[in-house]
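>>> Any chance you could fold what I've pasted below:
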Amino acid sequence: MTTVFAVRTGSTRQLAGTGTLLRFALRRDRVLLPVWIAVNTLMVLSMPNTLGTLYPTEADRAGLMRQMQANSSLRAMVGPVFGDSVGALTAWRIGVFAAVLAAVMSLLVVVRHTRDEEESGRQELVASGMVGRRASLTAALLAAAVADSVLALLLTVGLAGQGLAGAVAFALGVAGSGLLFAALAAIAAQLTESARLARGLTAAVLGAAFVLRAAGDAATDDGSSLLTWLSPLGWAENLRAYAGERWWVLLLFAAAVAVQGAVAYALAGRRDVGMSFLSTRPGPAAGRLGSAGALAWRLQRGSVLGWSAGFLIAGVVYGGLAEGAADLVGDNAQAREIFERMGGQSALTDAFLAAMAGVIGLVATLYVVGSVLRLHGEETSGRAETVLAGPLGRLRWAAGHLVVAFGGAAWLMLLAGLGLAAGHGREAGPLVGACLVQVPAVWVLGGAAVLLYGLVPRAAPAAWGVAGAVLLIGWIGPALDLPQVVLDLSPFAHLPKLPGGAMHWSPPLVLLGLAAALTAAGLAGLRRRDVTT
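From the prediction side, this is the model:
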């Protein structure tokens, strides 16, 4: 009895302060989490109406299902169709992407409140109080669970009109994916000394899961491939929402979360605060670090290389899907109109390629915002103060990171254009041009991030909200047939629609000027204000 009481008391002490840390984590994320949840929810809830408009009759939906069964390239992109109801088509069209967004949101939350806190030194200060050894990890996982639960509730309520059982299955599949990658991120946070590396490792596993699912779905039209079952994203689609739900698949999510959570807790109890199991290589670093640009490149080169591989692969995949998309849409005038609103104005294949170039440009905004905000991370962690204590000026220090951010965005779009050309098997020039014309709009979002960081550093993370709003308008605005005045809020709406459309130089040049003005204003603010820690 005494032994059992001691064990329970020890377990309670391990979690002391969890509630306070959870409330603090949710308060810190009071802007970011609602944005992530709103984007995901609106993206999903826009689909039933859109698909019902595009395919209004049962015969239309059955025809789409037959075409998808014969189109392996599009199955690789969005998965197989298991039913011809509007609900089943919604689960097919957006289920994988909703699960991916939930996974990204969850891994960012967990790493932010675990390894990020340790890397900055704040966790050591928190741990000096009456806080249990595993309280921070528990609070981070609970914060992710709260976010995924709210997302699941909103999806269930929003999709209930299509059928309650299917709505619950769909929502639980999305939330299960988020919780699984939250637990995986908790393990990565114990293994690495860098929050950046923890996020990168978890994101790499997510990318591998997407590739496995894509390969499995391309091979079979019923989700039965072994490769599909090896991927958590494949589990989400094999729940078969609105198509004879397989509730037992949820046990896979529960088992995976439980096992990964147990591993994370075991690792957390076997290391000191700030330490890790995969330690970084001790210095001095090899190579030249004699300039601000070289230091910025050293700090961000892993991110640039990872994004480069992703954009090149995405370009190849989207290029290969172009002809399949044309076959799928066929003579559906409404589907053709949506593609043309997103991209080109001429042939459907060009319209699809133009739309994909625009989508890739929207994703590039995430890179440029994250790269610019690396300045904010260096400043708040105290490392910038050490660097700036020498003869290096603030503008030169910031310029090193901005070259990587803005130059890296252009490099990513170049690789995407080359990938589109390689995947589609056509001349590279027009497709590279279609991607590079997106760069001015990407830079406008980067300039907005610089402006927020330079003038109001505490509000710098709001740049993610700006990027999220632009993504939301670009992804679901055309499908919802939003008014043009709303679509025009996105800088991407003003760009020429290439390939297939006419090239007009005025909009890109105006956007370049706007990006330069925003960046200059942000740098002027940085030069005049105090450096914070």
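
>>> for this protein, which helix is longest?
Secondary structure of the chain per DSSP state H: the longest helix is helix 292-329.

>>> What is the burial count for residue 161?
12 (other CB atoms under 10 Å). Glycine gets a C-beta too; all of them are placed from N, C-alpha and C.

>>> Check the one 3 residues further on too.
As a burial measure, the neighbour count of residue 164 was computed by other CB under 10 Å and equals 12.

>>> Not counting sequence-adjacent ones, nearest residue to it?
Closest residue to residue 164 apart from its sequence neighbours, by CB to CB, 6 or more residues apart in numbering: residue 156 at 7.8 Å.

>>> same thing with residue 198?
residue 188 (4.2 Å).

>>> Hmm, that neighbour is touching residue 201, no?
Yes - at 4.6 Å, residue 188 counts as touching residue 201 under the criterion of CB atoms under 8 Å.

>>> Looking at the two, which is more packed in?
Legend: neighbour count by other CB under 10 Å for residue 188 and residue 201, higher for residue 188 (27 against 21).

>>> what sits against the more buried one?
111, 115, 197-199, 201-202 (CB atoms under 8 Å, 6 or more residues apart in numbering).

>>> Apply 10 Å and report the result again.
By CB atoms under 10 Å, 6 or more residues apart in numbering, the contact set of residue 188 is 107, 110-111, 114-115, 181, 195, 197-205, 264, 276, 278.

>>> Next SSE downstream of the lowest-mean-pLDDT helix or strand in the chain?
When the helices and strands of the chain are scored by mean pLDDT, DSSP states H and E, helix 2-14 comes last with a mean of 48. For helix 2-14, the following helix or strand on the C-terminal side (DSSP states H and E) is helix 18-28.

>>> just checking, what packs against the helix or strand that comes right after that next one?
The helix or strand immediately downstream of helix 18-28 is helix 32-45, counting by DSSP H and E. Contacting helix 32-45 under the criterion 3 or more CB pairs under 10 Å, 6 or more residues apart in numbering; DSSP states H and E are the following elements: helix 86-112, helix 135-159, helix 164-191, helix 462-480.

>>> Tell me which other helices or strands the shortest one touches.
The helices and strands touching helix 462-480, judged by 3+ CB pairs under 10 Å, 6+ apart, are helix 32-45, helix 47-54, helix 86-112, helix 333-342, helix 348-372, helix 439-455, helix 484-487.

>>> So which of those helices is nearest residue 392?
Minimum separation from residue 392 across those (CB to CB) falls at helix 439-455, 17.2 Å.

>>> could I get the closest one in PDB with only the CA atoms?
In PDB, the C-alpha atoms belonging to helix 439-455 read as follows (Å, rounded to 0.1, in the frame of the first residue of the first chain):
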ATOM      1  CA  VAL A 439       7.500  35.700 -57.100                       C
ATOM      2  CA  PRO A 440       6.500  39.300 -56.800                       C
ATOM      3  CA  ALA A 441       3.300  38.300 -54.900                       C
ATOM      4  CA  VAL A 442       5.400  36.000 -52.700                       C
ATOM      5  CA  TRP A 443       7.700  38.800 -51.900                       C
ATOM      6  CA  VAL A 444       4.800  41.100 -50.900                       C
ATOM      7  CA  LEU A 445       4.000  38.600 -48.200                       C
ATOM      8  CA  GLY A 446       7.600  38.500 -47.200                       C
ATOM      9  CA  GLY A 447       7.700  42.300 -47.100                       C
ATOM     10  CA  ALA A 448       4.600  42.300 -44.800                       C
ATOM     11  CA  ALA A 449       6.500  40.000 -42.500                       C
ATOM     12  CA  VAL A 450       9.500  42.400 -42.500                       C
ATOM     13  CA  LEU A 451       7.200  45.300 -41.800                       C
ATOM     14  CA  LEU A 452       5.500  43.600 -38.800                       C
ATOM     15  CA  TYR A 453       8.900  42.400 -37.400                       C
ATOM     16  CA  GLY A 454      10.600  45.800 -37.800                       C
ATOM     17  CA  LEU A 455       7.800  48.000 -36.500                       C
END
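
>>> could you say what helices and strands that helix packs with?
helix 348-372, helix 374-380, helix 394-402, helix 408-424, helix 462-480, helix 506-528.

>>> so which of the ones you listed gets nearest residue 32?
helix 462-480 (6.1 Å).

>>> Next, count neighbours for residue 14.
17.

>>> Which PyMOL command selects the buried ones in the contacts of residue 188?
In PyMOL syntax, the buried subset of the contacts of residue 188 is picked out as below (16 or more other CB atoms under 10 Å):
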select buried, resi 107+110+111+114+115+181+195+197+198+199+200+201+202+203+205+264+276
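
>>> Restricted to helices, list the contacts of residue 188.
Short answer: the contacts of residue 188 in helices (DSSP H) are 107, 110-111, 115, 181, 195, 197-205, 264.

>>> Just name the closest of the residues you listed to residue 413, please.
residue 203 (20.1 Å).
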